[in-house]
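Colleague: Fold the following for me, if possible:
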Amino acid sequence: MKKLGLATALLLAMTGAQAYQAEVQGTVGYYDAELNDGNYNVGAQGTYYFKDIDTSKGPLAEAAFLNQASSISAGYNFGQLTADINSITVGGNTAAVNEEFDVEQHSYGVKGETYIPTSVVPVYASASYNHSKTDAKNGFTTLRQDDDSGDRYALELGALVAPNFLVAVGYTSVAATESLDTFNILNNGLMSATMEARSIDEDQDAITARTKYVGPIDGTNMSIGFEAGLVYGENTLYNLKSDLYLTPKFSVGASYAEGSYTSSTVPTSATGVNVNYFVTPAIGLGMSYVYANGENGANDAQLGGVNAKFRF
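Modeller: The predicted structure follows:
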């Protein structure tokens with residue numbers, strides 16, 4: 001009987017949990033463009049919340065946001081790019097290489113978020129540190145004698161000016177153009193993080209701003225979510241995202257991003273769609289697709305991704 005009770009409790013925790021305090025996420029992505037031979041990225045993120053998350057307040061995907069839950073996260077992403085190219089441009093310098101382009105990149109980071117109640121409105125703050133290590137071979141080192149390693153720091157301050165409506169501004173410092181935001185890769189995809197880094201470019205400092213809202217659709221079991229943001233560095237990046245939560249478990253979404261930079265390697269705009277479904281309140285699955293439009297010599301690209309979340 002004791003074993004049966006233990007098994008039942010474990011099953012309920014796995015399939016019917018209504019609260020959680022930790023989340024583990026795994027992501028796998030694939031990048032396809034005309035010049036590429038094989039490109040992929042894999043990553044993982046773990047988040048610990050300082051209070052139990054009530055999953056009954058709305059969409060399961062936004063449970064932490066709806067609970068204004070302070071947290072700390074750690075993430076890691078590995079990406080590989082292989083291509084046969086004739087020339088490459090880095091920092092305005094072009095070199096003929098006529099060989100295989102081979103890059104491996106490791107990005108990892110830590111991030112903390114907090115919500116502080118006040119007598120006026122809840123205040124939001126976040127801080128993150130990321131480090132990227134680019135292990136480049138062949139054509140890339142024709143222009144760059146050493147591999148590109150860089151630290152990245154970001155701070156954000158904001159407030160929930162209305163129920164479930166966040167407005168925040170921030171500052172980001174990037175040591176190198178190829179220093180990517182690990183959490184941006186894991187949660188929004190490789191193209192989003194790459195376009196952001198290219199927008200900051202050699203300026204190394206950027207101002208950021210974003211808004212986020214999640215709320216119910218009156219008279220239905222559905223909810224809607226909106227996000228908008230910009231990154232202002234050497235160039236400017238604008239992004240928009242919307243999700244329709246058909247049920248608390250199931251959602252479909254679309255996104256669009258556009259940068260003002262000129263690049264022969266990074267597309268200047270990207271349109272994406274995504275689908276997310278929670279099999280149980282503790283297990284979520286997601287799929288995404290992004291089409292990136294290349295200009296100024298950059299190739300068009302298609303990116304696909306899948307992810308899984310486990311909460312406990």
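
Colleague: Return the list of strands paired to the helix or strand containing residue 28, each annotated with direction.
Modeller: Per DSSP states H and E: residue 28 is located in strand 19-33. Taking DSSP bridges as the criterion, strand 19-33 sits next to strand 36-54 (antiparallel), strand 301-311 (antiparallel) in its sheet.

Colleague: Buried residues of it, list them for me.
Modeller: 20, 23, 25, 27, 29, 31, 33 (16 or more other C-beta atoms under 10 Å). To be clear about C-beta, it is placed using only N, CA and C from the backbone, and glycine gets the same treatment.

Colleague: Would you tell me which one of the strands paired with strand 19-33 is buried the most?
Modeller: Highest mean neighbour count of the strands paired with strand 19-33: strand 301-311, a mean of 19 (counted as mean count of other C-beta atoms under 10 Å).

Colleague: Next up, the contacts around the residue nearest to residue 169 when sequence neighbours are not counted.
Modeller: Of all residues not flanking residue 169 in the chain, residue 209 sits nearest, at 4.9 Å (C-beta to C-beta, 6 or more residues apart in numbering). Listed by C-beta atoms under 8 Å, 6 or more residues apart in numbering, the contact set of residue 209 reads 168-170, 229-230, 232.

Colleague: Residue 209: what secondary structure?
Modeller: strand (DSSP: H, G, I helix; E, B strand; the rest coil).

Colleague: Which parts of the protein are strands?
Modeller: Remark: strands assigned in the chain by DSSP state E are 19-33, 36-54, 71-90, 93-116, 123-138, 149-162, 165-174, 205-216, 223-232, 236-245, 250-259, 269-280, 283-293, 301-311.

Colleague: Between the ones you listed, which one is closest to residue 62.
Modeller: Closest approach to residue 62 among the strands of the chain (C-beta to C-beta): strand 205-216, 4.8 Å.

Colleague: Which phi and psi values does the closest residue to residue 206 other than its chain neighbours adopt?
Modeller: Residue nearest to residue 206 in three dimensions, not counting chain neighbours: residue 233, with 3.6 Å by C-beta to C-beta, 6+ apart. Torsion angles at residue 233 (phi, psi; degrees, to the nearest 10) stand at phi -120, psi -130.

Colleague: Enumerate every residue touching residue 233.
Modeller: 172, 174, 199-201, 203-207.

Colleague: got it, and residue 214?
Modeller: Residue 214 touches 58-59, 62, 65-66, 164, 223-225, counting by C-beta under 8 Å, 6+ apart.
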